[in-house]
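Student: Please work out how this folds:
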Amino acid sequence: MTFMNDRLADIVEARDPELLATGFTKTEGPVWHPDGYLMFTDFPNHRIHRILPDGRTEVIRENSGGTDGMTLDLQGRLVMCEYRNRCVTRMEHDGSITTIADRWKGQRLNKPNDVVGRSDGTLYFTDCNPVSEEQGVDIDHGVVYRVTPDGEVEVATLVVRYPNGIALSPDEDILYVSDSSYDMYILACDILPDGSVTNERVFANMTSDKDGKPDGMKVDVEGRVYCTGPGGTWVFEPSGGYVGTIRTPEIPLNVGWGGPDNRTMFFTTRDWRGEEASVYSIRMRTAGTRIPTD
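Tutor: Model prediction:
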């Protein structure tokens, strides 16, 4: 059952999620392609998959460097946070891979986790806490970065202890970042005309004793924020007020919008028992914000 209160019933159209694919280790990074298919990652197995319109699932990239979060850039190219390879990359139309970011001022990134793009071409991505000492640590804390339209890597904010999920408001004036540390909250930042951020503040608290932590996020066209977390996917009003929790059979790690009308929400998961992970979808009454492409 996907919801437990009348307020969620006004948002969620279908009561029960549809299982689209299963048998993975941990799924992440759902991205809907304009050509009509869903892409997602099997993070521990270093693969990127897609679900075709006929329901078949196929691998589109092996040895993905532990790709976690993904999005599309303005040219429709897949942007990938290669968690294990410590970089953000882009898949060109010919299938070749281009590195977008792997260092800031000569210092190597830690574990890029998730990414979102603005309509001006700016990319924002989260970089989690340091990798193991054996791999070498240049930056000893989590960072949210931005990649400018001309390719420069800049620090956006250092406020979040363990930055994870990331999303933009419909007008692209607010950047949201989830904190997966014991703080368990969502940060909101105002975006200035040059793409830098200011006025960092707590948007919503997600502290809970249920299994899960604040993780992937998306926003609908009315400004509601959907963040995977303890017990399911938490839904917040644009003011930060809690609406309810959408529950799926497995612990959700990330969400994405898609379908012809952008009213389908996709959920990537890990299994409650640690056995296998799946991809689900639920029809919503409100459309999600679209990934900007030219």
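
Student: Spell out which residues sit in contact with the nearest residue to Asn85 once chain neighbours are set aside, please.
Tutor: Excluding the flanking residues, the one nearest Asn85 by C-beta to C-beta, 6 or more residues apart in numbering is Gly65, at 3.3 Å. Just so you know, the C-beta spots here come from the backbone N, C-alpha and C atoms, and that holds for glycine as well. By C-beta atoms under 8 Å, 6 or more residues apart in numbering, the contact list for Gly65 reads His46, Met80, Glu82, Tyr83, Arg84, Asn85, Cys87, Thr89.

Student: hmm, 6 Å instead?
Tutor: Glu82, Arg84, Asn85 (C-beta atoms under 6 Å, 6 or more residues apart in numbering).

Student: Tell me the pLDDT of the most centrally placed residue in the chain.
Tutor: In the chain, the centroid-proximal residue (C-alpha atoms, centre = their mean) is Gly216; its distance is 4.1 Å. At Gly216, the predicted lDDT confidence score is 98.

Student: With the one 10 residues further on instead?
Tutor: The predicted structure scores Tyr226 at 98 on the pLDDT scale.

Student: returning to what we had before: TSV for the contacts of Gly65, including pLDDT and distance to Thr57?
Tutor: What follows is the contacts of Gly65, written out as TSV (pLDDT from 0 to 100; distance: C-beta to C-beta, whole Å):
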residue	pLDDT	distance to Thr57
Glu82	97	21
Arg84	92	22
Asn85	94	24
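
Student: Strands - which of the residues you listed land there?
Tutor: If you go by DSSP state E, these have Glu82 in strands.

Student: Which one of the contacts of Gly65 is nearest to Ser181?
Tutor: Arg84 (20.7 Å; C-beta to C-beta).

Student: OK, contacts around the residue lying closest to the closest one once chain neighbours are set aside?
Tutor: Spatial nearest neighbour of Arg84, chain neighbours left out: Gly66 (3.1 Å); criterion: C-beta to C-beta, 6+ apart. Gly66 is in contact with Phe43, His46, Tyr83, Arg84, counting by C-beta under 6 Å, 6+ apart.

Student: got the contact list for the first one?
Tutor: Neighbour list for Phe43: Lys26, Glu28, Gly66, Asp68 [criterion: C-beta under 6 Å, 6+ apart].

Student: backbone phi and psi for it, please?
Tutor: Dihedral pair for Phe43: phi -60, psi -50, per degrees, to the nearest 10.

Student: And it, how far from Gly29?
Tutor: Distance check for Phe43 against Gly29: by C-beta to C-beta, to the nearest Å, it reads 8 Å.

Student: Check the second one too.
Tutor: Applying C-beta to C-beta, the value for His46 to Gly29 is 13 Å.

Student: Have a look at these two and say which one is more surrounded.
Tutor: For the pair His46 and Gly29, the greater number of neighbours falls to Gly29 (27 against 18), based on other C-beta atoms under 10 Å.

Student: I'd say that one and Gly69 touch.
Tutor: Yes - here Gly29 lies in contact with Gly69, judged by C-beta atoms under 6 Å, at a distance of 4.9 Å.

Student: Pull the number of nearby residues for Leu74.
Tutor: Going by other C-beta under 10 Å, the residues that sit close to Leu74 add up to 16.

Student: What distance do you get for it to Pro30?
Tutor: In terms of C-beta to C-beta, Leu74 sits 20 Å off from Pro30.

Student: what's the answer for Asp183, then?
Tutor: Separation of Asp183 from Pro30 (C-beta to C-beta) stands at 25 Å.

Student: ok, the two, which is more surrounded?
Tutor: Pro30 (28 against 15).

Student: Dig out what the spatially closest residue to the residue nearest to the centre of the chain that is not a sequence neighbour forms beta bridges with.
Tutor: Spatially, and ignoring its direct neighbours in sequence, Gly216 is nearest to Asn254 (2.8 Å; C-beta to C-beta, 6+ apart). For Asn254, the beta-bridge partners are Thr268 (DSSP bridges).

Student: Was I right to think Asn254 contacts Pro214?
Tutor: No - Asn254 lies out of contact with Pro214 (C-beta under 6 Å); the separation is 11.3 Å.

Student: Now do the buried residues in the helix or strand where Thr126 lies.
Tutor: Assigned by DSSP states H and E, Thr126 falls within strand 123-127. Buried residues in strand 123-127, counted by 16 or more other C-beta atoms under 10 Å: Leu123, Tyr124, Phe125, Thr126, Asp127.

Student: Could you do stretch 116-125 as well?
Tutor: Quick answer for stretch 116-125 (16+ other C-beta under 10 Å): Val116, Gly117, Arg118, Gly121, Thr122, Leu123, Tyr124, Phe125.
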